[in-house]
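Chemist: Quick one: sequence plus predicted model below, questions after.
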Amino acid sequence: LAKTTQPISMDSYEGQEVNITCSHNNIATNDYITWYQQFPSQGPRFIIQGYKTKVTNEVASLFIPADRKSSTLSLPRVSLSDTAVYYCLVGLSNFGNEKLTFGTGTRLTIIP
Amino acid sequence: EPEVTQTPSHQVTQMGQEVILRCVPISNHLYFYWYRQILGQKVEFLVSFYNNEISEKSEIFDDQFSVERPDGSNFTLKIRSTKLEDSAMYFCASRQGGPYNEQFFGPGTRLTVL
């Protein structure tokens, strides 16, 4: 299973764009990159998933360079409600019944 | 929007007692999971369940734990004889399957063992 490394914490002001980078040097050919968000005392919530290049949805964008050894989650114009822990996970594929392996995540704090 | 539900939201029990945590996964989902999160620590995988049997279980999921899908809607986690260290948030998750591998998590049950 590919190991991921992401910053322990980040602070940002409201209205700014936030980029959280995750390193996954040992990513395998079949691995996808998935980001989850967790608010205190709640279950994790899927944000976005990608395999290569760029993926965008209504919540975030995910940038993956050609070598796929890292990825960046981009949250546009954050608000106080984006304060949460963000997890980068690598290893899911479109097949099989794989468990999610969470790291310690990045604790994002949005400052008014 | 369909969601995973869990009951109770908070369960307090005495050490050595049995507890059953209940989950109702999203109705057309085929894969079911239990995770736990001890306060201040990582979310940890416990067990996955598909086609009425366990697909995978972690080292944490020892003989004190069992899972069951007693009917078409509920998915339960039983802890036979609770220990102090079982105190944690327990999250149920479900996944549709096929090309859709997003796992949807429930709000969790906070288990406190005294």
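Modeler: Yep, that arrived.

Chemist: gap between the closest residue to chain B within chain A and B:Ser9?
Modeler: Closest residue of chain A to chain B, Cβ to the nearest Cβ: A:Gly43 (3.0 Å). For the C-beta atoms, the positions are set from N, CA and C on the backbone; glycine is no exception. Remark: distance between A:Gly43 and B:Ser9 (Cβ to Cβ, to the nearest Å) = 12 Å.

Chemist: who's more crowded, the two?
Modeler: A:Gly43 (24 against 10; other Cβ atoms under 10 Å in any protein chain shown).

Chemist: I'd say that one and B:Arg110 touch.
Modeler: No: shown here, A:Gly43 and B:Arg110 do not form a contact pair, counting by Cβ atoms under 8 Å, at 11.8 Å.

Chemist: Next, give phi and psi for the spatially most central residue of chain B.
Modeler: In chain B, the residue lying closest to the centroid (Cα atoms, centre = their mean) is B:Trp34, at 3.2 Å. Dihedral pair for B:Trp34: phi -120, psi 140, per degrees, to the nearest 10.

Chemist: OK, contacts around it?
Modeler: B:21, B:23, B:46-47, B:67, B:77, B:90-93 (Cβ atoms under 8 Å, 6 or more residues apart in numbering or on different chains).

Chemist: which residue sits closest to A:Ile20, ignoring its sequence neighbours?
Modeler: Nearest residue to A:Ile20, sequence neighbours excluded (Cβ to Cβ, 6 or more residues apart in numbering or on different chains): A:Leu73, at 4.7 Å.

Chemist: Up against chain B, what does chain A have?
Modeler: A:32, A:38, A:41-46, A:49, A:87, A:92-94, A:97-104 (Cβ under 8 Å from any Cβ of the partner chain).

Chemist: Neighbours of the closest residue in space to B:Arg80 that isn't next to it in sequence, how many?
Modeler: Of all residues not flanking B:Arg80 in the chain, B:Gln64 sits nearest, at 4.9 Å (Cβ to Cβ, 6+ apart). Counted by other Cβ under 10 Å, the residues lying close to B:Gln64 total 14.

Chemist: Kindly report the same for A:Thr53.
Modeler: 11.

Chemist: quick revisit: from A:Thr109, how far off is the residue of chain A closest to chain B?
Modeler: As judged by Cβ to Cβ, A:Gly43 and A:Thr109 stand 20 Å apart.
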